[in-house]
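[1] Sharing a model prediction with you, sequence too.
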Amino acid sequence: MSERPAQSSDSSLIATLPHRSRPPSPAPIRTRKQSFQNPAPIAPEAAPRRDQNARISFYDPANQAALDRLISGGTGINVDAEGEDENTLATMANVEDMIEGYEWASDDVITRKSSRGAADLIEARLLDELTALEKANIHSFLEFDDRIGIVLKHLDEAVSELDNMDSLVSSYKIHLNTVSDDILYIQSQNRGLQVQTQNQRALLAELENLLQTVNVDQKSLVTLTQESLEKPQSMERLEEAAAQLYKALQAGRDTDMAATMERLQEYRTHNVQFCKRMFDFLSIMFTAQSTLLLGDTNGVNPATGRAKPTLASHEELEAYLGRFAGLMLYLKEMDESVYAKLCAAYFSVASGLHSAQMKTMFSTYIAFVKKAPEEGQEHSFSSTPTTVSKGTAGMRRAGTIIRSPIEGRNRDREKVPDGDLRASEVFGLVLEQIAPAIYRENDFITDFLQINEAGLTFADYMGLDNYFRRQATRAAGLSQSTLKLIRGAMDLIFGFLPAELKVWLDTVLGKDKMEVIGIIACLERFFVDADDRGNQSLVTILEKQHVRLKGIFERHVKEQITDIEQTKLSSKKRQGVAHFVKHFPTYVGRVENQLIGADGLEIRASVDAAYERIVQSIFDSLKQMAKMDGEGEDKGQLNYHVILIENMHHFVAETSTLEVGSVNVFCRRAEVIYDENLSAYIKIVLRRPFARIIDYFEGIERLLKTTAPTEVASNNIYNKNALRKVVREYNSKDLRKHVDALFVRIGKHFAEASGKTTSEESGGIIPGTVLVGVWKACEEELLRITDLFSKRISQCYTDTGMTLEYSAADVEAAFRRHRIGS
């Protein structure tokens, strides 16, 4: 509570005190405690308490004078001096009794005195007394005034009325809120009705416009019935009339629109009649245009000069039928069954047209294929040698090739004239005619019959409104049977081609079986092109032939390997270079001529693998033949080396000139075999005339492994006398004699040396033959061992002064005598 009421009480209390003058008293006065019914204490400024247990009152003259003036000034009533003194004394006594017992001072935290606590207690007590006094006054006032009841009654009535008014106001507020919600709802409905009304008006206008649009006039119906389908200038009128009927029928697919169209059934009848009319007309024109294109030459343009026959172009036929592309779209959407029948009719006519053309072309082009030479038609590694002249035998062919035809081949096939082109070249010309025809036919039926995934509709073609385009898109789609028919269009049109190709290829391979490699290469080129173009029909046709031709090629390779093995078994003795070794370069040359530009094709890898198998069979057969030739003879090992040297020399000499990368590997393998066997052969043939001196020095070589060179002469077997005897047996004259005998012997060993590699006039060796390499290797080996002998003599027999009785110059001179021009 604030301090202002306390101050008011104090003022009123002081105002009631009587005024008196009192002399100042220097000593404190002890007062007694008396009861005071309505105390209104004043909070004087008391002196600080000295003792905590006892209160001491001091008389302050200055303050007492001020208090006297205050009391005397506030009463306004004149009393006598004695009465005033008594009242004053009584009052002061009551005041002192009232304030007696309060703690006027209290120690604070720093031992300073504070009177705030006692003042608060006094204020609180005074307020309580004042409140009690006010309540008593009010009670006494109310108790003695009768009008209070009347006032209270009227107040109760007023409160009751106010409560009723509050209830009414709340009810009115609820009703007003409800009305406000209703008003808002009505306003929103009003706005929606306005929008709906506008939309319905716009829709009504569109429907009226649409009804006018889908209404087909009689002129358009007459055009569809009677307008010519053959004249080019009639196509535009037919398409416009068909568009009118198309719009009406598309709108009729909508249920709401169908209910408003009275002539819908009539339109459907006209549509059926028009679609049937188109089918009848185009079915006839397919056949007529096909017959016109075939003419008297079955659709093949005859050869002129150097130009070969070509297939007649279908441009005129495609241009004629292309005029109906738009109406075919109409037919596809409006009558699917008639569309499917028309597609089947076209496929049948187109298949007959292409079949007649291509069969004629096949029979014409087969005459351009040349036949393989009679003596080498089969190009086999098997042969039966025949008598041939000296100048021509042994280089590439040792005789005429004779073999039986493969089982299952038709040897009674009708004879056809031979041309001047290889089968693979002619096959390339054939495919150059077939492939474009297939590509063009595929493009044409895609545009004419709309066999594609573009989803083009007649509404798009004619540029109709979006409504009709949406209607057409929703109704678009063919049945599964029709889809199956058009997806197999190319197979139906060119279904005859695989069988015709097979017959034609069998015929040309009957003329030259080796051409299967070139035919496969040509086929793979067109296969890659068809695959890049995405023409699955041609890819399938060529793939079937490719699989079959690869089987033929595999059988061909096995036949060559079998012929090589049969030659190995039939050879009884050494007869120079084996036929299959002579034939291999010829075989490779023919194959590589067919593979020009085929490095990136599959057939290149197949041929390289076939080379590997054939060469391996050749090498194995040669080794087997060499072993068989030496069985039961002391000179078997020598003959083994002779066969391998002679055949490997021919293989390397002939094959290396072909410059074929995959064959160079086989040349290096043949060179290794040649070098190994040549080294072994030379050591054997030189040992016969020079056996004693070679054995002697080989013994010294073995002795030097355990003995010092200076101690070799002290050995009983290899002393000076033994060396002298050996050296005397080999002088320059004996050397020439031994070399001459060596030449005769080597000439007998190699088939080419018997009258073929030596010059009868000079007794020398013809350059480029196997004997050149063998004779040169013999000379080099004899020079090597001669030098070795001289070194060992000077090393082990230093003090003897002995040397060989022939020199390296004597060796060179002896060998030079058997070379041409020496």
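    That came in fine, so what should we check first? Numbering: from 1, shown residues only.

[2] low-scoring stretches of the stretch 501-650 of the chain, by residue?
    The model of the stretch 501-650 of the chain has pLDDT under 70 over residues 568-575, 628-636.

[3] Which parts of it are helices?
    In the stretch 501-650 of the chain, the segments counted as helices under DSSP state H, counting those that start in this stretch are 516-533, 536-570, 579-594, 602-629, 636-655.

[4] For G495, which of those is the nearest?
    Closest approach to G495 among the helices of the stretch 501-650 of the chain is made by helix 536-570 (9.7 Å; C-beta to C-beta). Where C-beta positions appear, they are placed from N, C-alpha and C, glycine not excepted.

[5] in this protein, which helix has the most residues?
    Ranked by residue count and defined by DSSP state H, the top helix of the chain is helix 147-213.

[6] Give me the helices and strands touching it, please.
    helix 234-252, helix 255-260 (3 or more C-beta pairs under 8 Å, 6 or more residues apart in numbering; DSSP states H and E).

[7] for those, which one sits closest to S732?
    Comparing the helices and strands packed on helix 147-213 by C-beta to C-beta, helix 234-252 comes nearest, at 109.6 Å.

[8] Can I get that closest one in PDB? Just the C-alpha atoms.
    Extracted C-alpha coordinates of helix 234-252, given in PDB (Å, rounded to 0.1, in the frame of the first residue of the first chain):
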ATOM      1  CA  SER A 234      -8.400 -36.000-108.900                       C
ATOM      2  CA  MET A 235      -6.300 -36.900-105.900                       C
ATOM      3  CA  GLU A 236      -6.500 -33.500-104.200                       C
ATOM      4  CA  ARG A 237     -10.400 -33.500-104.600                       C
ATOM      5  CA  LEU A 238     -10.600 -37.000-103.200                       C
ATOM      6  CA  GLU A 239      -8.400 -36.200-100.300                       C
ATOM      7  CA  GLU A 240     -10.500 -33.100 -99.400                       C
ATOM      8  CA  ALA A 241     -13.700 -35.000 -99.600                       C
ATOM      9  CA  ALA A 242     -12.200 -37.900 -97.600                       C
ATOM     10  CA  ALA A 243     -11.100 -35.300 -95.000                       C
ATOM     11  CA  GLN A 244     -14.800 -34.100 -94.700                       C
ATOM     12  CA  LEU A 245     -16.000 -37.600 -94.100                       C
ATOM     13  CA  TYR A 246     -13.000 -38.300 -91.800                       C
ATOM     14  CA  LYS A 247     -13.900 -35.400 -89.600                       C
ATOM     15  CA  ALA A 248     -17.500 -36.500 -89.300                       C
ATOM     16  CA  LEU A 249     -16.600 -40.100 -88.400                       C
ATOM     17  CA  GLN A 250     -13.900 -39.000 -85.900                       C
ATOM     18  CA  ALA A 251     -16.400 -36.800 -84.200                       C
ATOM     19  CA  GLY A 252     -18.900 -39.700 -84.300                       C
END
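
[9] which strands and helices sit next to that helix?
    helix 147-213, helix 218-226, helix 255-260, helix 264-294, helix 325-334, helix 458-462, helix 466-475.

[10] any idea of the mean pLDDT for it?
    The pLDDT scores in helix 234-252 average 89.

[11] Pick the most deeply packed of the helices and strands packed on helix 234-252.
    helix 325-334 (a mean of 22; mean count of other C-beta atoms under 10 Å).

[12] ok and that one relative to helix 234-252, angle-wise?
    Counting by axes from the mean of the first three to the mean of the last three C-alpha atoms, to 10 degrees, helix 325-334 lies at 20 degrees to helix 234-252.

[13] helix, strand or coil for N716?
    Assigned by DSSP: H, G, I helix; E, B strand; the rest coil, the conformation of N716 is coil.

[14] in the chain, which residue is closest to the centre?
    D532 (17.1 Å; C-alpha atoms, centre = their mean).

[15] follow-up on the earlier one: dump the helices and strands packed on helix 234-252 into JSON lines; add distance to L638 as well.
    Shown next, in JSON lines, are the helices and strands packed on helix 234-252 (distance: least, C-beta to C-beta, whole Å):
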{"stretch": "helix 147-213", "distance to L638": "107"}
{"stretch": "helix 218-226", "distance to L638": "101"}
{"stretch": "helix 255-260", "distance to L638": "106"}
{"stretch": "helix 264-294", "distance to L638": "75"}
{"stretch": "helix 325-334", "distance to L638": "85"}
{"stretch": "helix 458-462", "distance to L638": "90"}
{"stretch": "helix 466-475", "distance to L638": "92"}
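
[16] May I see those helices organised as JSON lines, with distance to V739 and mean pLDDT added?
    Listed next are the helices and strands packed on helix 234-252 as JSON lines, based on distance: least, C-beta to C-beta, whole Å; pLDDT from 0 to 100:
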{"stretch": "helix 147-213", "distance to V739": "116", "mean pLDDT": "87"}
{"stretch": "helix 218-226", "distance to V739": "110", "mean pLDDT": "90"}
{"stretch": "helix 255-260", "distance to V739": "117", "mean pLDDT": "61"}
{"stretch": "helix 264-294", "distance to V739": "83", "mean pLDDT": "93"}
{"stretch": "helix 325-334", "distance to V739": "93", "mean pLDDT": "91"}
{"stretch": "helix 458-462", "distance to V739": "99", "mean pLDDT": "90"}
{"stretch": "helix 466-475", "distance to V739": "101", "mean pLDDT": "84"}
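
[17] so which of those gets nearest I682?
    Between the helices and strands packed on helix 234-252, helix 264-294 lies closest to I682; by C-beta to C-beta that is 76.1 Å.

[18] returning to that earlier point: deepest in the core, which of the helices of the stretch 501-650 of the chain is it.
    Most buried of the helices of the stretch 501-650 of the chain by mean neighbour count (mean count of other C-beta under 10 Å) is helix 636-655; its value is a mean of 22.

[19] now the longest helix of the chain against helix 466-475, angle please.
    Using the same axes, to 10 degrees: helix 147-213 against helix 466-475 is 80 degrees.

[20] Please shift the residue numbers so they start at 441 in all later answers.
    Okay, residue one is now 441; in that scheme the one you just asked about reads as helix 587-653.

[21] Tell me the gap between helix 587-653 and the middle of its chain.
    Remark: helix 587-653 is offset 68 Å from the chain centroid, using C-alpha atoms, centre = their mean, to the nearest Å.

[22] just so I know, which of the helices and strands packed on helix 674-692 lies nearest N1156?
    Of the helices and strands packed on helix 674-692, the one closest to N1156 (C-beta to C-beta) turns out to be helix 704-734, at 107.0 Å.

[23] Counting by contacts, list what the closest one packs against.
    By 3+ C-beta pairs under 8 Å, 6+ apart, helix 704-734 packs against helix 658-666, helix 674-692, helix 755-762, helix 765-774, helix 776-805.

[24] Dump the ones you listed into JSON lines; add distance to L644 as well.
    Formatted as JSON lines, those follow (distance: least, C-beta to C-beta, whole Å):
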{"stretch": "helix 658-666", "distance to L644": "26"}
{"stretch": "helix 674-692", "distance to L644": "16"}
{"stretch": "helix 755-762", "distance to L644": "43"}
{"stretch": "helix 765-774", "distance to L644": "29"}
{"stretch": "helix 776-805", "distance to L644": "35"}
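
[25] For L624, find the nearest of those.
    helix 674-692 (42.2 Å).

[26] Contacts for that closest one, please.
    650, 653-657, 659-661, 663-664, 667-669, 697-698, 701, 703-704, 707-708, 710-711, 714, 763-764, 766-767, 770, 773-774, 898-899, 902, 904, 907-908, 911-912, 915 (C-beta atoms under 8 Å, 6 or more residues apart in numbering).

[27] cool, stretch 910-927 as well?
    Contacts with stretch 910-927, where a contact means C-beta under 8 Å, 6+ apart, come from 690-691, 693-694, 772-773, 776, 779-780, 783-784, 889, 891, 895, 897-900.
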